[in-house]
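Peer 1: predicted model and sequence below, questions to follow.
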Amino acid sequence: MNIGDTVLDIIKVTEYLSLIKYSDNPLSANVFIIKGKEANYIFDVGSNSEVAKYIYSLSNKKIIISHFHPDHFNNISFLSIDKENLYLGDFTYKKYGYGNVVNDYFEINDDINIKIIHIPNSHAKGSLCVIINDLYLLIGDSLCGNINGFNVSLLKEEIDLLKRYDFKYVIDSHSIEIKLKNDIILMLDEIYKRREKNKPYISYDNLE
């Protein structure tokens, strides 16, 4: 789709889920569009100005932010979203000061079922993920570590949470590959097995 001078790569996943593919220049995460009966639910808004124009053009928007990093969040200032139509985690709220905080779990039913869930992870505090129709998990960057690697306790909490919820497929924010739940949990379990006694982080060196 052409917006201005830029061609946006919009990929249809299902009849109710599509994504605007991530970009590297500028660095901008996948933007997911979930079509309900009454509203369009947007998971992350990216940082590409052309993406912002596209999101702005959509009617009846409700926005969910995975976490506060600029490639996921920067376009929010261009979108004129009312407080009641913005959902974010507590740490993102501290930085932005606006919207509805999801500390644990929030569910939306609009001809589709959307579960907004706080997900512990090593990458970013206060992250949220979304499960659609107990089938697709949009996980943001929560499969990633930070500069120190993977926090052992947070990784265990994340694995336990993923095992607890029903879904089949996983899409992260910087890939268009649709992964399987069991493969994702197996990957995280393998990282967790590399932990060492009395060390709070699993370093990347331990994963080589």
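Peer 2: Right, received. Where do you want to start? Numbering: from 1, shown residues only.
Peer 1: all helices of this protein, in order?
Peer 2: Assigned helices in the chain, in chain order: 49-57, 70-73, 90-96, 152-164, 181-192 (criterion: DSSP state H).
Peer 1: got the contact list for the second one?
Peer 2: Counting by Cβ atoms under 8 Å, 6 or more residues apart in numbering, helix 70-73 makes contact with 22, 26-29, 44-47, 65-67, 92, 96, 140-141, 173, all of which sit outside it. The C-beta positions use only the backbone N, C-alpha and C, and glycine is treated the same way.
Peer 1: ok, 10 Å please
Peer 2: The contact list for helix 70-73 (Cβ atoms under 10 Å, 6 or more residues apart in numbering) reads 22-24, 26-31, 43-48, 63, 65-67, 88, 92, 95-96, 124, 127, 140-141, 173-174.
Peer 1: point out the most buried one among the helices of the chain.
Peer 2: Highest mean neighbour count of the helices of the chain: helix 70-73, a mean of 21 (counted as mean count of other Cβ atoms under 10 Å).
Peer 1: quick one: mean pLDDT for that one?
Peer 2: Helix 70-73 comes out with an average pLDDT of 97.
Peer 1: nearest to Thr14, out of the helices of the chain?
Peer 2: With Cβ to Cβ as the measure, helix 181-192 is the member of those nearest Thr14 (16.5 Å).
Peer 1: what lies in contact with that closest one?
Peer 2: Residues from elsewhere that reach helix 181-192 (Cβ under 10 Å, 6+ apart): 121-122, 135, 137, 139, 142-143, 145, 149-150, 152, 155-156, 158-159, 162-163, 165-170, 172, 179-180, 202, 204, 206-207.
Peer 1: of those residues, buried ones?
Peer 2: The neighbour count (16 or more other Cβ atoms under 10 Å) marks 121-122, 137, 139, 142-143, 145, 149-150, 152, 155-156, 158-159, 162, 167, 169-170, 172, 179, 202 as buried among those.
Peer 1: among the residues you listed, which are in strands?
Peer 2: Cross-referencing the buried ones among the contacts of helix 181-192 against strands under DSSP state E gives 137, 150, 169-170, 179, 202.
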